[in-house]
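Trainee: I'll drop the sequence and a predicted model, then ask my questions.
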Amino acid sequence: MKKRMSAPIFQGLFTTFYVMSDVIMSLASFTAAFFIRFYIVSPGIALPSREHYLALSLLYTLLNLYFLSTTGLYRPMRGLSLIDIVFKIIKSTSLSLVILLALSFFYREFEYSRLTILYAALASYLLISVGRAFIQYAERYLLTRGYGQKKVLIIGTGGQFPTVGKKFVNRKYLGYELLGYVEETGSSKLAEIPLLGTLDELEKLIVTLEVNAVVVTLAAEHHSRMKEIVDLCDRRGVECLLVPDMVELLVGPRFYEEICGVPLIRVKGLRIRGVNAFLKRAMDLALGLTGLMFLAPFLFIISAMIRRDSPGPIFYMQKRVGMDGKIFWMYKFRSMRSDAEAENGPGWSKDGDTRVTKFGAFLRKFSIDELPQILNVIKGEMSLIGPRPERPYFVEKFEQGIPRYMERHKVKSGMSGWAQVNGLRGDTSIPERLQFDLYYIENWSILFDFKIIILTIIDHMSNFKISSKH
């Protein structure tokens with residue numbers, strides 16, 4: 001039998017279709033509004049600059065994409081009715097309308113017709129809804145024929161297991177194929193759903209059956225295994241959905257949704273995955289290459305000054321622990337004597353450290369010694385923003401004594417991070433730094449990265465100003 005299109009590919013394809021439809025319909029809304037306003041409502045008047053309205057339509061389209069995304073219309077929504085989708089569209093495009101009207105009021109170089117903007121919003125309510133309705137119809141048509149089915153596994157036989165199990169049976173038209181369930185102990189609870197194994201066999205089942213989503217209905221006495229299941233799903237890229245009575249066991253961001261008529265809690269996995277990881281990597285490359293190009297003359301001067309200040313290499317390469325615990329060589333400008341760790345081994349430098357060279361003290365004060373790490377960013381070993389990487393010696397030490405320490409290695413290490421812009425750098429509290437690192441990982445966004453970049457620049461500029469005064 002020919003294998004059907006997998007759920008991730010199917011979902012990615014239709015998400016692309018939805019985005020394309022929203023772009024086309026948003027632009028078409030402004031085109032229709034311009035025609036209605038100046039050819040039907042007020043024919044014969046002098047036509048305004050089309051270029052200005054084209055620019056406004058592009059801004060409107062970008063705003064629509066942003067607000068449609070924030071309302072969840074680019075996430076999987078197979079069980080969402082068309083009425084619910086239309087209301088979300090009206091909410092999103094109305095926010096875009098308010099922003100455009102505000103901008104047109106303050107922008108004085110060209111007088112936009114606010115009536116045209118209103119027509120565009122009204123047209124977009126209709127056109128975006130119609131575009132999405134056609135795509136949703138095509139999506140459901142293919143789902144009923146077996147394409148893009150999400151393979152679902154129920155975990156546990158708690159109190160709501162029979163209800164949840166029956167709700168997921170025969171729901172292929174919504175794109176869900178219930179494979180069966182795994183139990184905590186050894187007694188089957190529902191005849192119409194196949195028993196596939198026990199909790200101890202869960203990872204093997206997820207891999208062999210290519211499971212896309214799990215619904216957790218653990219019995220109360222087995223709630224202690226919740227974190228183990230969540231971590232496994234995160235590691236394997238599997239959606240994890242919980243029945244509401246387990247909400248108190250969750251730690252971190254979450255939101256509710258109805259799937260197959262069952263109110264469930266979706267556990268958010270790692271945010272820096274898939275498209276988000278691609279966007280973060282693209283930002284790293286764009287800013288990293290641009291920064292390297294502009295800083296090249298400055299880096300050359302620094303290199304010459306290091307060579308003149310003390311004997312030894314210009315760069316200092318040090319083993320650090322990065323994403324998934326992988327070891328990489330991190331680059332820095334050398335700021336210490338070449339034999340700095342020959343006697344006492346690894347250790348953090350402190351104020352007045354005699355191992356630091358005269359020019360090295362200047363480099364460290366303004367974090368200039370960290371600039372060669374742009375090369376690590378370009379190579380993909382680090383990111384511009386993320387938890388600061390530690391040496392293997394310290395990682396082994398902290399892993400044993402600090403709970404959740406290794407979770408900071410779920411993402412790439414960064415040149416700067418949320419802990420650093422909050423004053424936690426160098427020889428500071430490791431548990432406190434870990435709290436900031438975990439907050440960053442759980443709440444990551446591109447805007448959050450830009451915020452940290454701006455705060456890092458401001459921090460270094462303020463240090464420079466304070467130093468110049470003295």
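Mentor: Received, thanks.
Trainee: V164 reaches I154, doesn't it?
Mentor: Yes - counting by CB atoms under 8 Å, V164 touches I154, with 6.6 Å between them. From N, CA and C alone the C-beta is placed, and that goes for glycine too.
Trainee: what is in contact with those two at once?
Mentor: Common contacts of V164 and I154 (CB atoms under 8 Å, 6 or more residues apart in numbering): 215, 217.
Trainee: higher neighbour count, those two?
Mentor: Neighbours per residue, other CB atoms under 10 Å: of V164 and I154, the larger number sits with V164, 26 against 23.
Trainee: L241 should be in a helix, yeah?
Mentor: No - counting by DSSP: H, G, I helix; E, B strand; the rest coil, one finds L241 to be strand, located in no helix.
Trainee: could you give the bridge partners of it?
Mentor: Counting by DSSP bridges, L241 is bridged to V215, R266.
Trainee: thought it was touching P263?
Mentor: No - judged on CB under 8 Å, L241 makes no contact with P263 at a distance of 10.2 Å.
Trainee: who has more neighbours, these two?
Mentor: Remark: of L241 and P263, L241 carries more neighbours, 21 against 10, as counted by other CB under 10 Å.
Trainee: contacts only, for the more buried one.
Mentor: L241 touches 213-216, 259, 264-267, counting by CB under 8 Å, 6+ apart.
Trainee: nearest residue to T357 in space, please, no chain neighbours.
Mentor: Nearest-residue entry for T357: S310, 4.7 Å, with adjacent residues in sequence omitted and distances by CB to CB, 6 or more residues apart in numbering.
Trainee: check I265 too.
Mentor: L242 (4.5 Å).
Trainee: A120 now?
Mentor: Spatial nearest neighbour of A120, chain neighbours left out: A33 (3.8 Å); criterion: CB to CB, 6+ apart.
Trainee: the one you found and K88, how far apart?
Mentor: Here the criterion is CB to CB, to the nearest Å. By it, A33 lies 22 Å from K88.
Trainee: what about those two, which has more around it?
Mentor: A33 (24 against 20).
Trainee: can you tell me the helix or strand for the more buried one?
Mentor: helix 7-35 (DSSP states H and E).
Trainee: show me what that helix is packed against.
Mentor: helix 50-70, helix 114-144 (3 or more CB pairs under 8 Å, 6 or more residues apart in numbering; DSSP states H and E).
Trainee: nearest to K358, of those helices?
Mentor: Nearest to K358 among those is helix 50-70 (50.3 Å), distances taken as CB to CB.
Trainee: check which helices and strands that closest one sits against.
Mentor: helix 7-35, helix 82-106, helix 114-144.
Trainee: K319: which of the ones you listed is closest?
Mentor: helix 7-35 (35.3 Å).
Trainee: residues contacting R391?
Mentor: Contact partners of R391, counting by CB under 8 Å, 6+ apart, are 318-321, 346.
Trainee: do you know how far it is from R225?
Mentor: According to CB to CB, R391 stands 34 Å off from R225.
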